[in-house]
Every structure is written in structure tokens, then in C-alpha cells.
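> Got a predicted structure here, sequence first:
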Amino acid sequence: MEGELRVRLLIAIPVFNERKYVEAVLNKVKTFHSDILVVDDGSTDGTADYLRTRDDIQLICHPENRGYGQSLIDAFKHADARGYDWVITMDCDEQHEPEMIPEFVRHIEMDDADIISGSRYMEQRPDNDMPPGDRRSINATITTVLNDLFDLKLTDSFCGFKAHRTSAMRKLCLDIPGYAFPMQLWPQVWHHGLRLKEIPVRLIYNDPTRHFGGMLDDAAKRLEHYLCVLRCEQERIADGTECDDERERNAAPCGCSE
């Protein structure tokens, strides 16, 4: 595959306490593409120690947990600084199939989109897992709100399995460090006129008991937080301050704290 690829591609994998999965996931991803960045977000279970033993990956280690969104932001900056044209982001808990990487590459080479977003709800597959009810409900609610506001025609607003054109991501002002990161990403995609397409990916939940941590484990508070961040991003875009350098970086804006 790599010999035919006409763009420089980086696979970026954020991890936090994934020692159970990380070795197998990395080994499988390596069979599809060799340029891999892992962003360890302050793991305390031995994940970071293991990653430092590998000389076949690029590695960023956060000294403490900074959030899923911050891991993605750091991955985009890393890719841009090193001349990568595209970044595919995927999770490390075996819920994203490395076998889909060639399909993302196929769409990348069509050159008709800036973000290619995996969707677990585009197709009803017999091998799909059943998502936890609160996650499906919140995803559906947020997806509807985003489509009503921005006409994005999304079917899955929270899937982390995506391909991002690096030059397009450079236009965005991204600083939401936590799980509400998509609430900033999608308004910015709309605001900057990025071309978006979705492709179907399998819906996998190996461990439906996994949690977000803190107040986000409460579904009602999680939805409230997401909507708060979305409102703030709309306001920042409307008043032209979404890229204000004076804003404190890595701080949840407008009191939408996690």
C-alpha cells in the first residue's frame, strides 16, 4: 500500500491507560502503515513504559492527563511540523479496525474532502455491537443539533476514526482539551468551509462499562457540558474571537468545565 500512496500519511493514536490493548493494536496497524504517532496522555498503568521500548513509532508523552482533545491537537501539530499531508486518528481500545486504513486511504486519494469521518451509524451491519443507551442517545441528539445549525449532514458526530488533511486543520483554532473536542471541531469545519464526507465503519463496544471520568459519567451532565461548549464556540465564531491569541490555552471556555 505505501508504495502506491501519493501523500505523506501519519496514523495518530491517542492512548490513556491502554496497556491491555496497545501492543496488539500497534502491531496490527503496522501491517497497514509504518508511520505511527502515539500520544500517551499521562498513563499510569505501564502503557508509557511499554511505548518507550518501541523504536518503530513516534511518541509524545504528556506528563499528566491533559485530555483526549489535547492529544489530537498535539498530533495535528506534530504532523504539520513534519510535513505530513494527512493524519488518520484512531483509538487504541480495539474499537477501530486497522483493516479500515486502506479504505480511508482510498478516499484520501479521491482528493474530494478535507475531513473523512468514520460513521458507525451510516449502515446497519449484522456484526455491529449494541452501544450503551446513553451514548447512542447523546450522539443522536448532538448530531441532530449540529446538522440543524450547520447543515453538515452528519450521521455520527463522535467517531474518533477520521482522516484529516493537515493543511485544512492548520486553518482551525482548536483548544478544547477534553471529550467535548468535537463541539469545537464541527463548528470550525463549517466556519472555514472544509469539505466533509463520512464513510461507514463498524460499531464496536468491547467494554460498554468504560467511563469518561468525573462529572461526564453522568449522562445528563455530559450532554449539558457538550451543549455548553458548542454554544461558546458559536459565540466565539460570531464575534470573531475564535482565534484570539489572548485566550488562555488549554482552559475550558465560558465556564464549561469538565
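On my side now, so go ahead. Numbering: from 1, shown residues only.

> Need the CA coordinates for whichever strand or helix holds residue 72. CSV is fine.
Per DSSP states H and E: residue 72 is located in helix 68-81. Listed next in CSV are the C-alpha coordinates belonging to helix 68-81 (Å, rounded to 0.1, in the frame of the first residue of the first chain):
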residue,chain,number,x,y,z
TYR,A,68,-8.4,13.4,24.6
GLY,A,69,-8.8,16.6,22.6
GLN,A,70,-5.4,17.9,23.6
SER,A,71,-3.9,14.6,22.4
LEU,A,72,-5.5,15.2,19.0
ILE,A,73,-4.4,18.8,18.9
ASP,A,74,-0.8,17.8,19.6
ALA,A,75,-1.0,15.1,16.9
PHE,A,76,-2.1,17.6,14.3
LYS,A,77,0.8,20.0,15.3
HIS,A,78,3.3,17.1,15.2
ALA,A,79,2.1,16.1,11.7
ASP,A,80,2.2,19.6,10.3
ALA,A,81,5.7,20.3,11.7
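
> May I see the buried residues of it?
68-76, 78-80 (16 or more other CB atoms under 10 Å). The C-beta positions use only the backbone N, C-alpha and C, and glycine is treated the same way.

> and of these, the nearest to residue 150?
Using CB to CB, residue 69 comes nearest to residue 150 of these, at 19.0 Å.

> Excluding covalently adjacent residues, which one is nearest to that closest one?
Counting by CB to CB, 6 or more residues apart in numbering, the nearest residue to residue 69 once its immediate chain neighbours are dropped is residue 181, at 3.1 Å.

> Hmm, residue 177 and residue 229 touching each other?
No: shown here, residue 229 and residue 177 do not form a contact pair, counting by CB atoms under 8 Å, at 10.9 Å.

> need the contact list for residue 9.
33, 35, 84-88, 105, 108 (CB atoms under 8 Å, 6 or more residues apart in numbering).

> Let's see which of those end up in helices.
Those of the contacts of residue 9 mapping onto helices are 105, 108, per DSSP state H.

> hey, where'd the strands end up in the stretch 101-250 of the chain?
Taking DSSP state E, counting those that start in this stretch as the criterion, the stretch 101-250 of the chain carries its strands at 115-119, 162-165, 196-200.

> Now the first one: average pLDDT?
In this case it means strand 115-119. Mean pLDDT, strand 115-119: 98.

> and what of the second one?
Averaged across strand 162-165, the pLDDT comes to 98.

> cool, and the last one?
Across strand 196-200, the average pLDDT comes to 98.

> How much space separates the closest residue to residue 197 other than its chain neighbours from residue 198?
Counting by CB to CB, 6+ apart, the nearest residue to residue 197 once its immediate chain neighbours are dropped is residue 113, at 4.4 Å. Separation of residue 113 from residue 198 (CB to CB, to the nearest Å): 9 Å.

> Same check on residue 221?
Distance from residue 221 to residue 198, by CB to CB: 28 Å.

> Same question for residue 49.
37 Å.

> and residue 56, how far is that from residue 258?
Counting by CB to CB - residue 56 and residue 258 are separated by 34 Å.

> Repeat that for residue 198.
27 Å.

> the more surrounded of these two?
residue 198 (21 against 18; other CB atoms under 10 Å).

> Longest helix of the chain, counting residues only.
helix 219-239.

> what comes up buried for that helix?
For helix 219-239, by 16+ other CB under 10 Å, it's 222-223, 225-230, 232-234, 236-237.

> for stretch 101-111, same thing?
So for stretch 101-111, counting by 16+ other CB under 10 Å, buried means 101, 103-105, 108.

> Please apply the same query to stretch 155-165.
155-165.

> Tabulate these (CSV), appending distance to residue 121.
Shown next, in CSV, are the buried residues of stretch 155-165 (distance: CB to CB, whole Å):
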residue, distance to residue 121
155, 5
156, 5
157, 10
158, 10
159, 9
160, 14
161, 13
162, 15
163, 18
164, 20
165, 24
